[in-house]
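J.: I need the structure of the sequence given here:
(2 chains)
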Protein chains: 2
Amino acid sequence: MNPLTIDDIRQAAIRLAGKIVTTPLLTSPQLDALTGTTTLVKAENLQRTGSFKIRGALNKIMSLDEQERRRGIVAFSSGNHGQAVAAAARQVGCPAVIVLPSTAPRIKVDNCHWWGADVVTYDPQTEDRETVGMTFVHDRGMTLVHPFDDPVVMAGQGTAGLEIVDQARAQGHRIDAVVVNCSGGGLASGVITAISDRYPRARLFLTEPEGGEKMARSLASGKPERNPPGTTTLLDALSGPNAGAAPLSVLKTRPVTCLSIRDADALHAMEVAFRLLKIVVEPGGAASLAAVLKHPEHFRDKTVAIVCSGGNVDPAVFGRALAAR
Amino acid sequence: MNPLTIDDIRQAAIRLAGKIVTTPLLTSPQLDALTGTTTLVKAENLQRTGSFKIRGALNKIMSLDEQERRRGIVAFSSGNHGQAVAAAARQVGCPAVIVLPSTAPRIKVDNCHWWGADVVTYDPQTEDRETVGMTFVHDRGMTLVHPFDDPVVMAGQGTAGLEIVDQARAQGHRIDAVVVNCSGGGLASGVITAISDRYPRARLFLTEPEGGEKMARSLASGKPERNPPGTTTLLDALSGPNAGAAPLSVLKTRPVTCLSIRDADALHAMEVAFRLLKIVVEPGGAASLAAVLKHPEHFRDKTVAIVCSGGNVDPAVFGRALAAR
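T.: Numbering: from 1, shown residues only, chains lettered A, B, ... in the order given. Here you go, the predicted structure:
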């Protein structure tokens, strides 16, 4: 059974109305000339907390009852989800614990603290973030806000796709293809559901870090796969260890093409976004733009919607992107 | 007589509808905490060609008759206006000559070429851009699209102010103050006219590069003043030699406070915009944000609208901003 319907996403959009940023759908004639496409860039890096993640987090927290909110929420995250949960908890007014890897960029830790959440760190080489997070559920009765493997979270992320559909129409575009960055699959399953509802024949693409193609392997095997331990990538927002079962069950009902993105591809896309779009995108957030730049053969003469999913990047990494031209 | 009315701006908005980007009005809780304000950031760096300038240029070109368009247009510019005129000319389909200083950042020259315009360069130490530009008017019958000293151009720039008013209202904000970057005064006169129409008691601020406060001096003397020759600033978008007579006649009817911005202030504001807003802003474009960061005493507990007016910045300069934290 498909755990996510277009109505779930529409209800999330109603719940979130006025509480999140309607991020712009950007275009650039120079980018289109460079790629031979019409590329519509959903700038979720401009979302509150610098990534799309607050959509799902806020949808989840707003669906809790008064008593659940009082006990608080816990989240484990490579970073962006943690910040988003922290901000959403503050917006709704409930306590939050964020479980982060000790390797997370400092900006992501600082931001969780800024929003008033407690931060607990773990060693990603020896500990499992899910196990650490679940102790708060069992010991304190907190509610887990899962980063992706929850239909309520997936529906929240899908509201970005609804906005893309509305904004594309307002700008006079018809969407031929969509490319979404994929880690656990929350954003990908939500956005693809929303776009496919309006454009059933749109071609569907996911992007994953090279060497960490857990969703591609999950789609091949039919069950949620994990990345090999010790995989390293600059695309930290897409580097979570496992694909989600619920997102997989959505994605495997559709013809999805998976594209692998190298660090250098992401850095190049970040430089293009700096130069042509004037936005700050983090490596994982730039993967779908990197795919359009790297694989123009899939998109030539097409109108392709992509999601720049986050902008939380350390200055040193951004500097590498600027030097990469 | 005031050369610019709110109706001129409203007519420009109708003319430009669907032909320019409705840029977002961004907010950041972290920025607000840092400044003690509610700051509304009009992200005109996300405008087509990377600055607000296409608003005025397109309004001007669309007001020409068929014969005038066929003879073409000429513009002189420190850069952003040139690119905008080139893009607007291509959008409308008329020939364009852009006169640029030989010191303009390469990105600005390249972009004029990209849009299909002819580029003519001059030496800013020995030649006057206005004189060079006017030869095309006299010899070829081209129409000058002045960067600021033309009520039609000013009305176009003012549409950014109308959008601020509408977007602030939609977000539930009332504007107490506005800060606009000022060089010749086209943007400043247009935006201040639009904001003041809706908020007659809003406090009005201009920002200029330290050492190049031509509008502050013009407001003091009552006539358009020039910068001393040889003035250097990193805020190249605000470094034109003279204040406009028409903008001055608008600005001097209102109580305007002028704030001076140093290179280091602008670099700091660019870093803040990178970190908290996830946008790429050029030094001159960051002046109004720099003013809120540098002079919080003017804005404490106020809702202040600012314009990030452009994002065309060389990577090396952006790298300096990132290193400045």
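J.: do you know how far the closest residue to residue A:211 other than its chain neighbours is from chain B?
T.: Of all residues not flanking residue A:211 in the chain, residue A:231 sits nearest, at 5.3 Å (CB to CB, 6 or more residues apart in numbering or on different chains). Every residue, glycine included, has its C-beta placed from N, CA and C. According to CB to the nearest CB, to the nearest Å, residue A:231 stands 27 Å off from chain B.
J.: would residue A:231 count as being in a helix?
T.: No: with DSSP: H, G, I helix; E, B strand; the rest coil as the criterion, residue A:231 is located in coil rather than a helix.
J.: which ones are touching it?
T.: For residue A:231, the contact set (CB atoms under 8 Å, 6 or more residues apart in numbering or on different chains) comprises A:209, A:211, A:212, A:239.
J.: what residues does chain A have near chain B?
T.: A:21, A:23-24, A:26, A:29-30, A:33, A:45-46, A:48, A:50, A:87, A:107, A:111, A:114, A:271, A:274-275, A:277-281, A:311, A:315, A:318-319, A:322-323, A:325 (CB under 8 Å from any CB of the partner chain).
J.: strands - which of these land there?
T.: By the criterion of DSSP state E, membership of those in strands covers residue A:26.
J.: need the buried ones from the residues of chain A next to chain B selected in ChimeraX.
T.: The ChimeraX command for the buried members of these (criterion: 16 or more other CB atoms under 10 Å in any protein chain shown) is given here:
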select /A:21,23,24,26,29,30,45,46,48,50,87,107,111,114,271,274,275,277,278,279,280,281,311,315,318,319,322
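J.: in chain A, which spans are strands?
T.: A:25-26, A:38-43, A:73-76, A:96-101, A:118-122, A:143-144, A:177-181, A:203-209, A:256-261, A:303-308.
J.: now the ones you listed in CSV, with distance to residue B:41 and mean pLDDT?
T.: Below are the strands of chain A laid out as CSV (distance: least, CB to CB, whole Å; pLDDT from 0 to 100):
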stretch, distance to residue B:41, mean pLDDT
strand A:25-26, 16, 98
strand A:38-43, 14, 98
strand A:73-76, 28, 93
strand A:96-101, 27, 91
strand A:118-122, 28, 92
strand A:143-144, 34, 96
strand A:177-181, 26, 98
strand A:203-209, 30, 98
strand A:256-261, 31, 98
strand A:303-308, 18, 98
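J.: of all these, which one is nearest residue B:176?
T.: strand A:38-43 (28.0 Å; CB to CB).
J.: name the strands paired with that closest one and say parallel or antiparallel.
T.: Note on strand A:38-43: by DSSP bridges, its sheet partners are strand A:25-26 (antiparallel), strand A:303-308 (parallel).
J.: possible to save the ones you listed as a markdown table with distance to residue B:163?
T.: A markdown table is the format used below for these (distance: least, CB to CB, whole Å):
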| stretch | distance to residue B:163 |
| --- | --- |
| strand A:25-26 | 16 |
| strand A:303-308 | 22 |
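J.: ok, which of those comes nearest residue B:9?
T.: Between the strands paired with strand A:38-43, strand A:25-26 lies closest to residue B:9; by CB to CB that is 24.7 Å.
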